[in-house]
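A.B. asks: Fold the following.
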Amino acid sequence: MNIYVLLKRTFDTEEKITISGGKINEDGAEFIINPYDEYAVEEAIQVRDAHGGEVTVITVGGEDAEKQLRTALAMGADKAVLVNIEDDVENGDQFTTSKIISEYLKDKNADLIIGGNVAIDGGSGQVAPRVAELLNIPYVTTITKLEIDGTNVKIVRDVEGDSEVIETTLPLLVTAQQGLNEPRYPSLPGIMKAKKKPLDELELDDLDLEEDDVAAKTKTIEIFLPAQKEAGRILNGDLSDQVKELVQLLHTEAKVV
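C.D. replies: Purely as a prediction, here's the structure:
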């Protein structure tokens with residue numbers, strides 16, 4: 001089975017993030033594999049081990065993303081591909097990424113493509129579905145269970161606290177939700193083997209793409225941190241007086257009524 005995993009290098013949101021000049025300050029920031037993509041890598045490895053085949057992880061970005069690709073290889077993926085756009089694309093968006101990935105995958109005869117449900121930095125959840133649309137294959141998002149029998153696939157997906165069962169066929173793209181599996185940690189032998197596994201680096205020219213072909217369709221106007229939370233306020237007095245004060249505060253301070 002020919003399996004591809006869409007992987008993104010993201011900020012570790014458990015670390016302190018600072019803003020400088022309207023952009024996230026990368027100096028000293030910790031970068032990791034997007035946690036939802038770890039579920040995707042793990043599921044791809046499990047599918048390969050059960051049905052045979054090969055797992056290739058692919059990301060779009062700069063040379064710094066090689067570290068996260070090597071981590072995925074250490075987990076058990078077979079190959080990695082980095083499409084380096086550092087010198088070609090100044091400001092990309094979800095369209096940029098999905099266009100590049102779909103162009104790479106269009107002649108790869110992928111049986112199964114797995115991505116994370118969302119990236120914890122942007123949270124749009126757009127890239128994987130866009131890839132499926134560009135490749136003209138079916139897709140199912142937020143999956144929590146995947147069963148493959150030949151070319152038939154049975155999926156359980158999360159629907160905001162409930163679940164639904166979907167039956168479809170390969171080729172297919174799915175996105176991983178928390179609960180799909182428990183991602184493994186890279187072992188020491190896995191880390192050593194990862195150093196020898198193939199990691200191909202491509203550029204737009206290798207995909208017959210030009211900068212205009214992947215130009216962003218959106219523009220980021222501003223990036224800012226959430227406002228600091230203020231201490232709560234306790235209202236005193238009779239219940240009717242409290243209600244009046246609450247309504248006044250909602251109108252004058254919170255400005256929600």
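A.B. asks: Now do the buried residues in the helix or strand harbouring S98.
C.D. replies: Assigned by DSSP states H and E, S98 belongs to helix 94-105. Buried residues in helix 94-105, counted by 16 or more other Cβ atoms under 10 Å: Q94, F95, T96, T97, S98, K99, I100, I101, S102, E103, Y104, L105. (Glycine included, C-beta is placed from N, CA and C.)
A.B. asks: Any chance of these in CSV with distance to A77 and pLDDT as columns?
C.D. replies: Shown next, in CSV, are the buried residues of helix 94-105 (distance: Cβ to Cβ, whole Å; pLDDT from 0 to 100):
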residue, distance to A77, pLDDT
Q94, 23, 95
F95, 26, 96
T96, 24, 97
T97, 19, 97
S98, 21, 97
K99, 23, 97
I100, 19, 98
I101, 16, 98
S102, 20, 98
E103, 21, 97
Y104, 16, 98
L105, 16, 98
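A.B. asks: the helices in the chain, which residues?
C.D. replies: 35-51, 66-75, 94-105, 127-135, 188-194, 239-252 (DSSP state H).
A.B. asks: G115: which of these is closest?
C.D. replies: Of all the helices of the chain, it is helix 127-135 that lies closest to G115, at 3.5 Å by Cβ to Cβ.
A.B. asks: between the helix holding S98 and helix 127-135, how many degrees?
C.D. replies: 50 degrees (axes from the mean of the first three to the mean of the last three Cα atoms, to 10 degrees).
A.B. asks: Not counting helix 94-105 itself, show me its contacts.
C.D. replies: Here helix 94-105 makes contact (Cβ atoms under 8 Å, 6 or more residues apart in numbering) with 4, 6, 58, 60, 81, 83, 85, 89, 113, 122, 124, 126-128, 130-131, 134-135, 202, 204, 207-209, 213-218.
A.B. asks: Please apply the same query to stretch 237-255.
C.D. replies: Contacts for stretch 237-255 (Cβ under 8 Å, 6+ apart): R233, L235, N236, V256, V257.
A.B. asks: List just the nearest of these to T141.
C.D. replies: V256 (31.9 Å).
A.B. asks: how about the closest one, what does it touch?
C.D. replies: L250.
A.B. asks: For E15, find the nearest of the helices of the chain.
C.D. replies: helix 35-51 (13.4 Å).
A.B. asks: pLDDT of the closest one, averaged?
C.D. replies: Mean per-residue pLDDT for helix 35-51: 98.
A.B. asks: For that helix, buried residues please.
C.D. replies: Buried residues in helix 35-51 (16+ other Cβ under 10 Å): 35-48.
A.B. asks: Tell me what the nearest residue to L69 once chain neighbours are set aside is bridged to.
C.D. replies: Leaving aside its chain neighbours, L69 sits nearest to A80 (4.0 Å; criterion: Cβ to Cβ, 6 or more residues apart in numbering). Beta bridges link A80 to V57, L199, judged by DSSP bridges.
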